[in-house]
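*Asks:* based on what follows, work out the 3D shape:
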Amino acid sequence: MRLEKQLLAQEYTNWLTSSAFFFVVNYRGMSVAHMTELRRRLRKVEATMHVVKNTLFKRALGQAGITDSVELTGQLAVILGTKDICAAAKVVKNFASEFERPAIVFGYLGNQRLTDKQILQLADLPSLEELRAKLLGILVAPAAGLVRLLSTPATQLVRVLQAKVEKGS
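*Replies:* Below is the predicted model:
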């Protein structure tokens, strides 16, 4: 194999080993403007998309320790990220619903292989920030309830006194 191809395959391997997750999409039929827009949206959720050469990507999968038999056909790109797979999957799902492309082929979360259906299910889950906000709300709710409970008698007393003042005037 030529040196350029070896270096490219090594770069693909580095991407795969340094990412918490990746999924492969078929971008056939997408314009350059659509590709640019998808990359911009993915950047917002700290994910990237790279067009790959299928034969070299298959070699990189093997070098990264992914030994499953993978069918790589068509015009493929890989979406990589280190943070939140749900947010990246949501971006791709929403983009595909708008423009009917790209089509998710398969993916990996750590060492777990994901089908296209599983990735779409991940897209339906709330993002990490949403989960943190819900957890914070659950943790704060008892304290807020206690504050309301303790302030209720004082509030009622103030209302009674205010009514007395208004009645006496």
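
*Asks:* packing partners for the helix or strand hosting residue 77?
*Replies:* Element membership for residue 77, per DSSP states H and E: strand 76-81. The contact analysis (3 or more C-beta pairs under 8 Å, 6 or more residues apart in numbering; DSSP states H and E) places strand 76-81 against helix 3-18, strand 21-26, strand 47-51, helix 54-63, helix 85-99. C-beta coordinates here come from the backbone N, C-alpha and C atoms, glycine included.

*Asks:* now the ones you listed as JSON lines including mean pLDDT, distance to residue 125 and mean neighbour count?
*Replies:* Listed next are those as JSON lines, based on pLDDT from 0 to 100; distance: least, C-beta to C-beta, whole Å; neighbours: other C-beta atoms under 10 Å:
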{"stretch": "helix 3-18", "mean pLDDT": "84", "distance to residue 125": "23", "mean neighbour count": "14"}
{"stretch": "strand 21-26", "mean pLDDT": "89", "distance to residue 125": "13", "mean neighbour count": "24"}
{"stretch": "strand 47-51", "mean pLDDT": "90", "distance to residue 125": "16", "mean neighbour count": "18"}
{"stretch": "helix 54-63", "mean pLDDT": "84", "distance to residue 125": "26", "mean neighbour count": "18"}
{"stretch": "helix 85-99", "mean pLDDT": "88", "distance to residue 125": "5", "mean neighbour count": "19"}
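
*Asks:* so which of these gets nearest residue 153?
*Replies:* Closest to residue 153 of those, according to C-beta to C-beta: helix 85-99, at 45.1 Å.

*Asks:* next, the angle strand 21-26 makes with that closest one.
*Replies:* 20 degrees (axes from the mean of the first three to the mean of the last three C-alpha atoms, to 10 degrees).

*Asks:* ok, and for stretch 38-48, which residues are buried?
*Replies:* Neighbour-count burial for stretch 38-48, counted by 16 or more other C-beta atoms under 10 Å, picks out 38, 41-42, 45, 47-48.

*Asks:* circling back to that earlier point, what strands line up against the strand holding residue 77, and which way round?
*Replies:* Within its sheet, strand 76-81 is paired with strand 21-26 (antiparallel), strand 47-51 (antiparallel), according to DSSP bridges.

*Asks:* distance to residue 144 added to those, as a markdown table?
*Replies:* Formatted as a markdown table, the strands paired with strand 76-81 follow (distance: least, C-beta to C-beta, whole Å):
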| stretch | distance to residue 144 |
| --- | --- |
| strand 21-26 | 36 |
| strand 47-51 | 36 |
